[in-house]
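Student: turn this into a structure:
(one chain, ligands or ions: 3)
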Amino acid sequence: MASSVVLARSRLPHHIGIIMDGNGRWAQRKNQLRTQGHLEGLKTAKRIVKAASDLGIRYLTLYVFSTENWKRTAEEVGFIMGLVKQHLKGELDFYRENRIRIRHTGDPKGLPPDIARELAEAAEDTRSFEGLQVILALNYGGRDAIVRAAQRLFASVEQQEKITEEGIRHYLDNPDIPDPDLIIRTAGEHRTSNFLLWEGAYAEYYFSDILWPDWTEADLVSAIAAYQQRERRFGGGKP
Ligand code: IPE
Ligand code: IPE
Ligand code: MG
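Tutor: Ligands and ions are numbered 1, 2, ... in the order given. This is a model prediction of the structure:
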């Protein structure tokens with residue numbers, strides 16, 4: 001890995017979330033179609049998954065497609081869904097070789113049935129792998145995730161006192177996964193765009209101006225190095 005930054009192995013973030021942004025701008029700058037940017041973005045995603053796995057990160061949540069991204073043209077949406085399907089079908093060997101487990105967060109009911117099926121199959125096929133867990137946020141919205149958790153919780157309790165923070169957490173899509181320590185957003189935007197609203201309450205944010213298709217392993221190392229310089233307080237005041 002071409003980087004001179006030395007990371008403290010004992011203080012790696014357990015869970016990193018990435019808002020992979022800038023595919024469209026990358027393509028436009030090259031006078032190419034936005035879809036070309038998504039194709040390059042997928043290559044970057046694979047590169048960063050491998051880098052996170054090699055670094056020993058435990059969980060990586062990738063924001064692939066938001067509940068708001070359906071507003072894009074049918075052509076762009078169809079292209080992204082096609083890429084996801086192709087990737088899930090074609091890259092099982094990559095996940096197997098690296099012992100990487102695939103999971104999903106988001107509403108599977110709003111996805112095209114074939115994509116929901118591929119996701120479920122990839123999750124099942126990689127279920128026993130004990131390496132990095134990659135959580136694909138697909139048809140994901142932070143607000144939608146909280147609403148769906150609340151619906152499950154309300155269906156299970158009669159007394160209002162049982163509606164607690166722990167209760168909501170328990171009914172999120174993947175309650176066993178710890179909160180993200182570090183959330184990265186690429187391409188110069190400084191907003192969450194509905195990503196991990198509940199789980200990211202105390203995440204450290206890292207913003208990069210680099211467009212996602214240009215992101216490299218060294219950029220991931222720089223983000224983690226910046227995270228390791230932060231002082232996390234969780235509301236407890238200065239130690
Ligand atoms: C991120 O890149 C990928 C998705 C949101 C699916 P964009 O497509 O948002 O790229 P920009 O922000 O238009 O450059
Ligand atoms: C957020 O990016 C969603 C994903 C990266 C999948 P967007 O490009 O959709 O966010 P906005 O529209 O700039 O806020
Ligand atoms: Mg964008």
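
Student: every contact and neighbour count from this point should use C-alpha atoms.
Tutor: Will do.

Student: nearest spatial neighbour of His38, chain-adjacent residues omitted?
Tutor: Spatial nearest neighbour of His38, excluding adjacent residues (C-alpha to C-alpha, 6 or more residues apart in numbering): Asn23 at 5.5 Å.

Student: what residues does the chain have near ligand 1?
Tutor: 20-25, 64-65 (C-alpha under 6 Å from any ligand atom).

Student: for the helix ranked longest in the chain, name the packing helices and strands.
Tutor: In the chain, with assignment by DSSP state H, the single longest helix is helix 34-55. If contacts are counted by 3 or more C-alpha pairs under 8 Å, 6 or more residues apart in numbering; DSSP states H and E, helix 34-55 sits against helix 23-29, helix 74-90, helix 217-229.

Student: can you get me the start-to-end distance on stretch 231-239?
Tutor: Chord length of stretch 231-239, first to last residue, is 10 Å (C-alpha to C-alpha, to the nearest Å).

Student: before we move on, the earlier item: got a list of what the residue nearest to His38 touches?
Tutor: For Asn23, the contact set (C-alpha atoms under 8 Å, 6 or more residues apart in numbering) comprises 34, 37-38, 40-41, 211-213.

Student: after the helix or strand hosting Ala155, next one along is what?
Tutor: In the assignment (DSSP states H and E), Ala155 maps to helix 142-156. Scanning forward in sequence from helix 142-156 by DSSP H and E, the next helix or strand is helix 165-170.

Student: how far off centre is that next one?
Tutor: 21 Å (C-alpha atoms, centre = their mean, to the nearest Å).

Student: and what of stretch 158-178?
Tutor: 21 Å.

Student: what residues sit buried inside that stretch?
Tutor: Residues of stretch 158-178 classed as buried under the neighbour-count rule (16 or more other C-alpha atoms under 10 Å) are 167-173.

Student: what's in contact with that stretch?
Tutor: Under the criterion C-alpha under 8 Å, 6+ apart, residues 14-15, 59, 105-106, 145-146, 148-150, 152-154, 157 lie in contact with stretch 158-178.

Student: CA atoms only for that stretch - export them in PDB, please.
Tutor: Extracted in PDB, the C-alpha atoms of stretch 158-178 (Å, rounded to 0.1, in the frame of the first residue of the first chain):
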ATOM      1  CA  GLU A 158     -48.100  -2.900  24.400                       C
ATOM      2  CA  GLN A 159     -46.700  -0.500  27.000                       C
ATOM      3  CA  GLN A 160     -45.300   2.900  26.000                       C
ATOM      4  CA  GLU A 161     -42.500   2.700  28.700                       C
ATOM      5  CA  LYS A 162     -40.900  -0.100  26.600                       C
ATOM      6  CA  ILE A 163     -40.300   2.400  23.800                       C
ATOM      7  CA  THR A 164     -36.700   3.300  24.600                       C
ATOM      8  CA  GLU A 165     -33.500   4.000  22.800                       C
ATOM      9  CA  GLU A 166     -32.400   0.400  23.400                       C
ATOM     10  CA  GLY A 167     -35.800  -0.800  22.000                       C
ATOM     11  CA  ILE A 168     -35.400   1.200  18.800                       C
ATOM     12  CA  ARG A 169     -31.800   0.100  18.400                       C
ATOM     13  CA  HIS A 170     -32.900  -3.500  18.800                       C
ATOM     14  CA  TYR A 171     -35.200  -3.300  15.900                       C
ATOM     15  CA  LEU A 172     -32.800  -1.600  13.400                       C
ATOM     16  CA  ASP A 173     -31.800  -3.700  10.400                       C
ATOM     17  CA  ASN A 174     -28.600  -5.000  11.900                       C
ATOM     18  CA  PRO A 175     -28.700  -4.400  15.700                       C
ATOM     19  CA  ASP A 176     -25.600  -6.500  16.400                       C
ATOM     20  CA  ILE A 177     -23.300  -4.100  14.400                       C
ATOM     21  CA  PRO A 178     -21.700  -1.500  16.500                       C
END
